[in-house]
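J.: What follows is a protein structure lacking sequence information:
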Ligand SMILES: Nc1ncnc2c1ncn2[C@@H]1O[C@H](COP(=O)(O)OP(=O)(O)OP(=O)(O)O)[C@@H](O)[C@H]1O
């Protein structure tokens, strides 16, 4: 690993799924969905990034690809400089094994119960990964680690919770137990895929606070996935992290809270703001920010800018050209994929679209 390698680095990552066309498909037709399209992204130590976007825009697929649980169709994903899929194939110069990579990149799901065996007491479910990854630890030491972490996440006395079965815990308790399970492995990154969505609103804030507090202690990076801009804003504000907005497989805008929430460039980010009523009460009367509500068929993406059929600012050029990343003021990491972010683009002389 080079000293300057980011903890996680994705370069030109695309993920395609082909459905149908198999021997049992009587029509013999196959359709390809580009769930993730040309995403390049670096995540540093103790960094927090929240992915937001509508259902089906590719957030989970991108998250899974980041932690090595989904193979990209093209592009590379590197953990501390090691190509994850070369490590998986054990091809060439592998400095970090695939097992070690998967151990360092953990996931918490929306349905935390699915991570715990319903027929096992919580203690047994938590002991197993410790036994697997830290075989030198004795039983007592393993139990001690689990007890300490349960105290830390407010589940005290730990014995009261650890002897229960998953169905005997509340949603918030289960989510904390699963967080402990991930933290026990000392991961460099936790992918929290809609991890708080199923909780009551009051518990959501508590859980976000807890995760961010533990981030300092465990020096973990987080990749949060949320469909809710107000949660993304809360996390990014508290952690000083970034927000990435996805639309039909692409990151269309990425930046800090100031960039994404206060001063968005992309009309799609503005539409998400509009939909998050409590964030923008002043704009409640503002014009509806989409020309069409329906999301295009992901197996048949529109030419040009994929957002143009819904974009109230679309012009002819948006039908013809696909926007590149426009970085503001020489910023290397953050950008918007919209012609409007470039004040010199031919977009400004292009006629408005009137007929779609
Ligand atoms: N295993 C799969 N096989 C085929 N298509 C898939 C598969 N996984 C995801 N897709 C498709 O890829 C696209 C992106 O899905 P993904 O679940 O990543 O989106 P998402 O933004 O996480 O959505 P949600 O918020 O509903 O979970 C969707 O069109 C989905 O139907």
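T.: Happy to help now that I have it. Bear in mind that the values here come from a model prediction, so they are computed numbers and not experimental data. Numbers count the residues shown, from 1 in each chain.

J.: Residue 106 belongs to a helix, doesn't it?
T.: No: applying DSSP: H, G, I helix; E, B strand; the rest coil, one finds residue 106 to be strand, outside a helix.

J.: Enumerate every residue touching it.
T.: Residue 106 makes contact with 67, 182, 185, 187, 189-191, according to C-beta atoms under 8 Å, 6 or more residues apart in numbering. C-betas here are computed from N, CA, C, even on glycine.

J.: Quick check: phi and psi on residue 336?
T.: phi -130, psi 140 (degrees, to the nearest 10).

J.: Now the buried members of the contacts of residue 106.
T.: Buried subset of those (neighbour count, 16 or more other C-beta atoms under 10 Å): 67, 182, 185, 187, 189-191.

J.: Rebuild those residues as JSON lines, extending it with pLDDT, secondary structure and distance to the ligand.
T.: Formatted as JSON lines, the buried ones among the contacts of residue 106 follow (pLDDT from 0 to 100; DSSP: H, G, I helix; E, B strand; the rest coil; distance: C-beta to the nearest ligand atom, whole Å):
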{"residue": "67", "pLDDT": "97", "secondary structure": "coil", "distance to the ligand": "13"}
{"residue": "182", "pLDDT": "93", "secondary structure": "helix", "distance to the ligand": "19"}
{"residue": "185", "pLDDT": "93", "secondary structure": "coil", "distance to the ligand": "24"}
{"residue": "187", "pLDDT": "96", "secondary structure": "coil", "distance to the ligand": "21"}
{"residue": "189", "pLDDT": "97", "secondary structure": "strand", "distance to the ligand": "18"}
{"residue": "190", "pLDDT": "96", "secondary structure": "strand", "distance to the ligand": "17"}
{"residue": "191", "pLDDT": "96", "secondary structure": "strand", "distance to the ligand": "12"}
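
J.: Just give me the closest of the residues you listed to residue 58.
T.: Using C-beta to C-beta, residue 191 comes nearest to residue 58 of those, at 14.0 Å.

J.: what's the distance between the closest one and residue 51?
T.: Distance of residue 191 to residue 51, computed by C-beta to C-beta, to the nearest Å: 10 Å.

J.: what's the overlap in contacts for the two?
T.: Common neighbours of residue 191 and residue 51 (C-beta under 8 Å, 6+ apart) are 63, 223, 225.

J.: Just among these, which is most surrounded?
T.: Using other C-beta atoms under 10 Å as the neighbour criterion, residue 223 leads those with 26 neighbours.

J.: Can you tell me the element that residue falls in?
T.: strand 221-226 (DSSP states H and E).

J.: Following the chain onward from that strand, which element is next?
T.: Heading C-terminal from strand 221-226 (DSSP H and E), you reach helix 229-239.

J.: now that following helix: how far from the chain's centre is it?
T.: When distances are taken as C-alpha atoms, centre = their mean, to the nearest Å, helix 229-239 is centred 13 Å away from the chain's centroid.
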